[in-house]
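Asker: build me a model:
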Amino acid sequence: MILDERNEFADATSVAAAAGTALIGDVIDLGTASRDIGAGQPVWLIIQTDTEIITGGSAGTIKFQLASDAQAAIATDGSATVHLDTGTLVTDDAAANDNRLNAGGLIFSAALPQGAVYERYLGILAVIATTTVTAGKINAWLSSEPYPAQRAYADAMPV
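Answerer: As a prediction, this is how the structure comes out:
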């Protein structure tokens, strides 16, 4: 898998925030509203935990959404178009966390809906409920392959 910096939303980007919705990391400018992000090929959203995501004191929840909007500062008030949602994950400490929120965990890997209308700017929203996320970082990017990409190659032939 080749990672292009222009297809990356977050690189060890903090998700520490109070309960609510926040735009995380960078946005991707599609240039115009689009129905075909991958030129007819599947494009995958990958979200991975870089540093364990935890809450202070009591358990909470977090989920991530791929959203598009007409403005670069993607709206956090519910008016942005949500295309993918990780589902709600429990945050606490390493012992009580959803395993996907521990360091190195794969939070999400799914193909973007094809044929959907994407507004000009694409980004990742973190929706935190119940309590403050006190620590944690994610990596998030678009890829032409699911994660982890599994490849099988024939054995090399002697020359």
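
Asker: centroid-nearest residue for the protein?
Answerer: Closest residue to the average C-alpha location of the chain: Ile47 at 3.9 Å, with C-alpha atoms, centre = their mean.

Asker: would you confirm that that one contacts Phe64?
Answerer: Yes: using C-beta atoms under 8 Å, Ile47 makes contact with Phe64 at a distance of 5.5 Å. The C-beta positions use only the backbone N, C-alpha and C, and glycine is treated the same way.

Asker: quick one: common contacting residues for the two?
Answerer: Shared contacts of Ile47 and Phe64 (C-beta atoms under 8 Å, 6 or more residues apart in numbering): Thr86, Ile107, Phe108, Ile124, Ile138, Ala140.

Asker: reformat those residues as JSON lines; add distance to Gly20, neighbour count and secondary structure.
Answerer: Listed next are the shared contacts of Ile47 and Phe64 as JSON lines, based on distance: C-beta to C-beta, whole Å; neighbours: other C-beta atoms under 10 Å; DSSP: H, G, I helix; E, B strand; the rest coil:
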{"residue": "Thr86", "distance to Gly20": "17", "neighbour count": "19", "secondary structure": "coil"}
{"residue": "Ile107", "distance to Gly20": "19", "neighbour count": "21", "secondary structure": "strand"}
{"residue": "Phe108", "distance to Gly20": "20", "neighbour count": "23", "secondary structure": "strand"}
{"residue": "Ile124", "distance to Gly20": "15", "neighbour count": "28", "secondary structure": "strand"}
{"residue": "Ile138", "distance to Gly20": "17", "neighbour count": "27", "secondary structure": "strand"}
{"residue": "Ala140", "distance to Gly20": "19", "neighbour count": "23", "secondary structure": "strand"}
